[in-house]
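Q: Sequence first, then the predicted structure:
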Amino acid sequence: MTEIASSLPPEDGVARFNGLYLEVTRQVLTDTRRDTFEDPRFIERLDEVFAELYFAAVDTDRSGGPVTRPWVPLFAARRHKRVAPIQFALAGMNAHINHDLALALVRTLDEMRLRPVRDSPQHRDYRRVDEILARVEERVKERFALGLIGVADEALGRLDDVVAMWSVARARDAAWTHAETLWAIRRVAPVREAFVLTLGRMVGLASRGLLVPVL
């Protein structure tokens, strides 16, 4: 993520999301070292698998290939001047959490010979990350707000409406539910592929809503 940050201009939409993601990742690593989690190996591996999906999207875009459906809106709008920085950050979180996280959960659980069981140590750790994300998200929102000083009240009102569409807690709760569904159908390839395709389309649609120009 630091390499991605250094390779992109700060105003790039992908860079806006990357900065938020980097801050969250650092905080998760800090909490892992503090023995905050019941199963730190699970959280560390999930973090790795999760990040790989984002890196794959960045690498695909750099090579000129088509990114997966959930990521298309962010990469397509990344240079739009009338999209606020926080909108890029939230659209990236939407693609990564609402789509990629479920895939990462299933892969990690399968690797570690675990299952997606609610109120298990892994699920409780997963919910602890929600708390970290909420704290970081608030700090980032405050930072982005400073950059909007002087923007017309009408535009700020439209931006508030867009930001209100997003909830990191709801997104992560939905991702766990999607992982449970994917786990149940993981051996039925046609159904699994159809589910992932439909999920990608819906997440992409949500990102387009988050990226509506407001400035």
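A: On my side now, so go ahead.
Q: So which bits of the top helix by length along the chain are buried?
A: Secondary structure of the chain read by DSSP state H shows that its longest helix is helix 121-146. Within helix 121-146, the residues that count as buried by 16 or more other Cβ atoms under 10 Å are 122-123, 125-126, 128-129, 132-133, 136-137, 140, 144. For the C-beta atoms, the positions are set from N, CA and C on the backbone; glycine is no exception.
Q: Toward the C-terminus, what is the element adjacent to the helix or strand bottoming out on mean pLDDT in the chain?
A: The least trusted helix or strand in the chain, going by mean pLDDT, DSSP states H and E, turns out to be helix 153-163, with a mean of 54. Next helix or strand after helix 153-163 toward the C-terminus (DSSP states H and E): helix 168-184.
Q: Downstream of that following helix, the next helix or strand is which one?
A: helix 189-210.
Q: name the helices or strands packed onto that following helix?
A: helix 72-77, helix 85-95, helix 168-184 (3 or more Cβ pairs under 8 Å, 6 or more residues apart in numbering; DSSP states H and E).
Q: okay, those, which one's buried deepest?
A: Greatest average neighbour count among the helices and strands packed on helix 189-210 goes to helix 85-95 (a mean of 27), per mean count of other Cβ atoms under 10 Å.
Q: Columns mean pLDDT on top of the helices and strands packed on helix 189-210, output as a markdown table?
A: Below are the helices and strands packed on helix 189-210 laid out as a markdown table (pLDDT from 0 to 100):
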| stretch | mean pLDDT |
| --- | --- |
| helix 72-77 | 98 |
| helix 85-95 | 91 |
| helix 168-184 | 95 |
